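Asks: Next comes the sequence, and after it the predicted model I'd like to discuss.
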Amino acid sequence: MKSIIKFAVSNPVTICMLVLAILLLGKISYDQLAVDLLPDLNNPRLFIELKAGERPPEEIEKQFVKNMESMAIRQSDVIQVSSVIRAGSARITVEYTWKKGMDETCLENANKIDPDKIIMRYADVLLMYAEAKIELNQIDQSVLDAMNEVRARAYGVDKSAVDQYPAFTSMDQQTLRSQLRMERRMEFANEGLRYMDLMRWKLMDKVMSKKVYMMLYPASLLIEKVVSQGDWFWPFAPDIDENGLADFSKLEAAGKIASIAEKKWDDRQYLWPIPTTEIQINTNMKQNPNY
């Protein structure tokens, strides 16, 4: 060790050149790293280990595993439940969809307290109230307060601190309607509410008549048209209309994405058909249009 230190002190130029060479080699290696266009993302999984003494696999499956699997599959956001059973033990795997609002503290506290069951978010209540008042054109300060309370929370400030977040101020019905729809899209992203919002607003005919897009294929075309031009992962933002609906046609026209299908929508799908048995019971009941 002393000889190394002595050499470094005696030959500072050599040491500097060696350090620069290592840094240059690291830079070259980094630049040549391949881009993983489709990274392998695994869904969150919960593993349950069961010890059952010397019981045979058939008994373990019948007495324990089937009950645990049936309870697990009834949870929300569960994709798949599988199990491996051996003599005296079993391993159950519960696979979940990706979901926001969860972190490692969930696992730390799971064995101490029962997890909260979210029936309805308070933000949903506030925005439903605001939406009802807007559609009735009964717009007052309470509507702005409800919407600002949701937005201020996202910025981590009190709703009264209007200089610290983009507060809602308009009293115009059409303006507020557009702002509320955009706010719901952002606030409840990936929470399973978007479909019913679009149905309620009668916007499915616009959404479901658009094309379905995908990345360019094969990979060589994607690299040529997108990656090599510095446009990975997202070349540019699509246009967003007043209802928060994205239009990707400009990206398609620029050759950055490919269309693989075009969706169709029938307006009768806004209402489900009334069962024939119900109409037979009540002759005053009429079938919904186009069924």
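Replies: Received, thanks.
Asks: Which residues does stretch 161-174 contact?
Replies: Outside stretch 161-174, the residues within contact range by C-beta atoms under 8 Å, 6 or more residues apart in numbering are 134, 137, 139, 144, 147-148, 151-152, 154-155, 157, 159, 176, 179. From N, CA and C alone the C-beta is placed, and that goes for glycine too.
Asks: Show me which of those residues are buried.
Replies: Listed as buried from the contacts of stretch 161-174 are 134, 139, 144, 147-148, 151-152, 159, 176, 179; burial here means 16 or more other C-beta atoms under 10 Å.
Asks: ok, so of the residues you listed, who is nearest residue 69?
Replies: The nearest member of those to residue 69, counting by C-beta to C-beta, is residue 151 at 41.9 Å.
Asks: Kindly confirm my reading that that closest one is in a strand.
Replies: No: Residue 151 is assigned helix when assessed by DSSP: H, G, I helix; E, B strand; the rest coil, not a strand.
Asks: Might one say that it is in contact with residue 186?
Replies: No: taking contacts as C-beta atoms under 8 Å, residue 151 lies outside contact range of residue 186: 9.1 Å.
Asks: if we can go back for a sec, reformat the buried ones among the contacts of stretch 161-174 as a markdown table; add pLDDT.
Replies: Supplementary listing: the buried ones among the contacts of stretch 161-174 in a markdown table, determined by pLDDT from 0 to 100:
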| residue | pLDDT |
| --- | --- |
| 134 | 97 |
| 139 | 96 |
| 144 | 96 |
| 147 | 97 |
| 148 | 97 |
| 151 | 95 |
| 152 | 95 |
| 159 | 92 |
| 176 | 96 |
| 179 | 95 |
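Asks: for these, which one is nearest residue 125?
Replies: Out of these, the member with the shortest distance to residue 125 (by C-beta to C-beta) is residue 147, at 12.2 Å.
Asks: Please narrow the contacts of stretch 161-174 to those residing in helices.
Replies: Of the positions in the contacts of stretch 161-174, 134, 144, 147-148, 151-152, 154-155, 176, 179 sit in helices, assigned by DSSP state H.
Asks: tell me the phi and psi of residue 202?
Replies: In terms of degrees, to the nearest 10, the main-chain angles of residue 202 are phi 60, psi 50.
Asks: Output the below-cut-off pLDDT ranges for the protein.
Replies: Along the chain, segments meeting pLDDT under 70 span 1, 34-41, 98-117.
Asks: Would you map the helices across it?
Replies: Assigned helices in the chain, in chain order: 2-10, 12-31, 57-60, 66-73, 104-109, 122-135, 141-155, 173-187, 194-200, 204-207, 219-225, 249-253, 276-281 (criterion: DSSP H).
Asks: Quick one: these as TSV, columns for distance to residue 290 too.
Replies: Formatted as TSV, the entries for the helices of the chain read as follows, by distance: least, C-beta to C-beta, whole Å:
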stretch	distance to residue 290
helix 2-10	84
helix 12-31	59
helix 57-60	53
helix 66-73	36
helix 104-109	46
helix 122-135	25
helix 141-155	36
helix 173-187	27
helix 194-200	16
helix 204-207	13
helix 219-225	42
helix 249-253	29
helix 276-281	15
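Asks: So for residue 268, which of those helices sits nearest?
Replies: Across the helices of the chain, closest to residue 268 is helix 204-207 (C-beta to C-beta), at 11.0 Å.
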